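Engineer: Sequence and predicted structure are below.
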Amino acid sequence: MSKVKLAISGCMGRMGQQLVKSSRIDKSFKLTALTENRLIKKNIAGIKPSLNRENSFKNVDLIIDFTIPKCTFEILKIASKLKKRVVIGTTGFSEKEELQIKKFSKKIPILKAGNMSLGINLLMYLTEITSKSLGNNFLSKVYEVHHKHKIDHPSGTALMLGKGIAIGKRKDFYNLIGKKYLNKKSFPYGKKINFNSIRKGKTVGEHEVKFSSGKEIITLNHEAFDRALYSEGALTAGKWLMKKKPGLYSMRDVLNFK
């Protein structure tokens, strides 16, 4: 089977650099193009990074994007024109932007996930089941920790877990979003879902969902120690996406969680 010709956008970012490393180990891929939102003079893995332009992606099969929303939409416009598949690991999209991504997926196959980890996607699945089982008698909240350089908060994963709570309750997630705290030692439960984000050190990722009735607390959590689990998950998603028709997919589809 021929190798998947891969482009990585945001190649100088933390996840971009990790994707370069992982893609060179995975024999299913041929690293073909790297892009950034600024000119990079040095070569990376023998490739000179370019800007997000049509020529940058002409000779690739798949684009993996871990950047910022503005950059992601630049890539989606080009990918849509060139009919290229896209894996999106970028987070921090607004509700309106989520709808725009859905429109692009009518033209090309897109896999979007707030987190590419097997464990996190299992955690979301368990969050949905727990939320559904406990009903409205339990209040919930989401806690997350990431490295000090992470800009968006709550993290895409924390929002994903919040969405899992909403799905379990059969309610609209955006109507259930409560207060968003940053670097608080403690934070309250609420009728809506409250979030607390800690930014410190080099933490790869910690996520925790809590449900409380006032008489008991149920905690679901996940801790990541190696950023490679995200890049390897993204590559697994990319291989899976190569066989799919236009549509919007998630890691749940890749892992076949019902």
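Structural biologist: On my side now, so go ahead.
Engineer: residue contacts, the residue nearest the centre of the chain?
Structural biologist: The chain has Gly114 as the residue nearest its centroid, 2.4 Å off, counting by CA atoms, centre = their mean. By CB atoms under 8 Å, 6 or more residues apart in numbering, the residues touching Gly114 are Thr91, Ser155, Gly156, Thr157, Leu159, Met160. No exception for glycine: its C-beta is placed from N, CA and C like everyone else's.
Engineer: Most neighbours out of those residues, which is it?
Structural biologist: Neighbour counts for the contacts of Gly114 (other CB atoms under 10 Å) peak at Thr157, which has 27 neighbours.
Engineer: list the contacts for it?
Structural biologist: Thr91, Gly114, Asn115, Ile120, Glu144, Gly205, His207.
Engineer: just Asn194 next, same as before
Structural biologist: Lys141, Val142, Gly178, Lys179, Lys180, Tyr181, Phe187, Pro188.
Engineer: Would you check that the first one makes contact with Lys184?
Structural biologist: No - taking CB atoms under 8 Å as the definition, Lys141 is not a contact partner of Lys184, at 11.2 Å.
Engineer: joint contacts of the two?
Structural biologist: Residues touching both Lys141 and Lys184 by CB under 8 Å, 6+ apart: Asn196.
Engineer: With pLDDT, neighbour count and secondary structure added, can I get the contacts of Asn194 in JSON lines?
Structural biologist: Output for the contacts of Asn194, formatted as JSON lines (pLDDT from 0 to 100; neighbours: other CB atoms under 10 Å; DSSP: H, G, I helix; E, B strand; the rest coil):
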{"residue": "Lys141", "pLDDT": "98", "neighbour count": "23", "secondary structure": "strand"}
{"residue": "Val142", "pLDDT": "98", "neighbour count": "28", "secondary structure": "strand"}
{"residue": "Gly178", "pLDDT": "97", "neighbour count": "19", "secondary structure": "strand"}
{"residue": "Lys179", "pLDDT": "97", "neighbour count": "14", "secondary structure": "strand"}
{"residue": "Lys180", "pLDDT": "97", "neighbour count": "16", "secondary structure": "strand"}
{"residue": "Tyr181", "pLDDT": "97", "neighbour count": "19", "secondary structure": "strand"}
{"residue": "Phe187", "pLDDT": "97", "neighbour count": "18", "secondary structure": "coil"}
{"residue": "Pro188", "pLDDT": "97", "neighbour count": "12", "secondary structure": "coil"}
